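Undergrad: When you get a sec, could you give me coordinates for this:
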Amino acid sequence: MITLRHAAERGHADYGWLDTHHTFSFADYHDAAHMGFRALRVLNEDRVQPGRGFDTHGHRDMEILTWVLEGALQHRDSMGNGSIIRPGDVQRMSAGTGVHHSEFNASQHELVHLLQIWILPERKGLPPGYEQKAFSASDKRGRLLLVASRDGRDGSVTVHQDVSVYACVLERGERTRQLLASGRHAWVQVARGEVSVHGRRLAAGDGAALSEEAVVELEGVQEAEVLCFDLA
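TA: Got it, this is the predicted structure:
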């Protein structure tokens, strides 16, 4: 079974400095039919104006992944971490018992475009943690590359939940697939470009939930960047 979530159906808010779309209920956007998918709770697409950003604020009991598509994002947190996140980087912050952080556009001239992903942790009260790794475009080209997993295998960042996150870049006509074990589910999110998911065309911002499927099949319609979540 495949259920599509088109970009135009998402929640949307424009604050001037932030233009944001919410695949699932978030902040002032509430839709009881879209509260998340399995352990995937938040999937926001944000565009932040130069020099602007999210002032210091707190989180608890959430696994937060940040995926930058364009520009650069400056991160600081109460654990003492400070970094710049660029395209190809995956940042994982485990909020656990409590973390405060800020995220700002690192440029005074260019927009930053990113996906922010929240995953429910396997249990509450975990110690806060931070991790950031870079994955080259060539490693993602034509295949689903593991970028986050429960056990940190194959050089991926570690997420405290039974989830595997893959990224890929597909040229037009290029195909890739990911097997799903019995009882597993998948969410496919198109970050840019267009792809076909089991023959169904998805454009940038579109998502698809897959349940009771044995495989995820992707084909590039035009050059595209895609995230795929393998979920319990």
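Undergrad: Next, work out how far apart Arg41 and Leu126 are.
TA: For Arg41, the distance to Leu126 under the criterion C-beta to C-beta, to the nearest Å works out to 16 Å. The way it works is simple: take the backbone N, C-alpha and C, and place the C-beta from them, glycine included.
Undergrad: for Gly173, same thing?
TA: Distance, Gly173 to Leu126, by C-beta to C-beta: 43 Å.
Undergrad: Please say which of the two ends up with more neighbours.
TA: Ranked by neighbour count (other C-beta atoms under 10 Å), Gly173 and Leu126 place Leu126 first, with 17 against 9.
Undergrad: how would you label the more buried one: helix, strand or coil?
TA: For Leu126, the reduced secondary structure class is coil; criterion used: DSSP: H, G, I helix; E, B strand; the rest coil.
Undergrad: OK, contacts around it?
TA: Applying C-beta atoms under 8 Å, 6 or more residues apart in numbering, we find Leu126 in contact with 61, 94, 96-97, 160.
Undergrad: one more time with 10 Å, if that's ok
TA: With contact set as C-beta atoms under 10 Å, 6 or more residues apart in numbering, Leu126 has these partners: 60-63, 94-97, 160.
Undergrad: Spatially nearest residue to it, not counting backbone neighbours?
TA: Ranked by C-beta to C-beta, 6 or more residues apart in numbering and with sequence neighbours excluded, the top spatial neighbour of Leu126 is Gly96, at 4.0 Å.
Undergrad: before we move on, what SS does the one you found have?
TA: Per three-state DSSP, the local secondary structure of Gly96 is coil.
Undergrad: Quick check: closest non-adjacent residue to the spatially most central residue of the chain.
TA: With distances taken as C-alpha atoms, centre = their mean, the chain has Ile117 as the residue nearest its mean C-alpha position (4.3 Å). The shortest distance from Ile117 to any residue that is not its chain neighbour, by C-beta to C-beta, 6+ apart, is 4.2 Å, and that residue is Leu65.
Undergrad: Quickly list what the one you found is bridged to.
TA: With beta bridges defined as DSSP bridges, Leu65 has these partners: Arg92, Ile117.
Undergrad: The lengthiest strand in the chain: partners in the sheet, and parallel or antiparallel?
TA: Identified as the longest strand of the chain according to DSSP state E is strand 215-231. Note on strand 215-231: by DSSP bridges, its sheet partners are strand 163-170 (antiparallel), strand 175-179 (antiparallel), strand 185-197 (antiparallel).
Undergrad: for this protein, what spans make up the helices?
TA: In order along the chain, the chain carries the following helices (DSSP state H): 137-140.
Undergrad: hmm, back to that, would you mind giving the strands paired with strand 215-231 as a markdown table with mean pLDDT and mean neighbour count added?
TA: Formatted as a markdown table, the strands paired with strand 215-231 follow (pLDDT from 0 to 100; neighbours: other C-beta atoms under 10 Å):
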| stretch | mean pLDDT | mean neighbour count |
| --- | --- | --- |
| strand 163-170 | 98 | 24 |
| strand 175-179 | 96 | 15 |
| strand 185-197 | 98 | 21 |
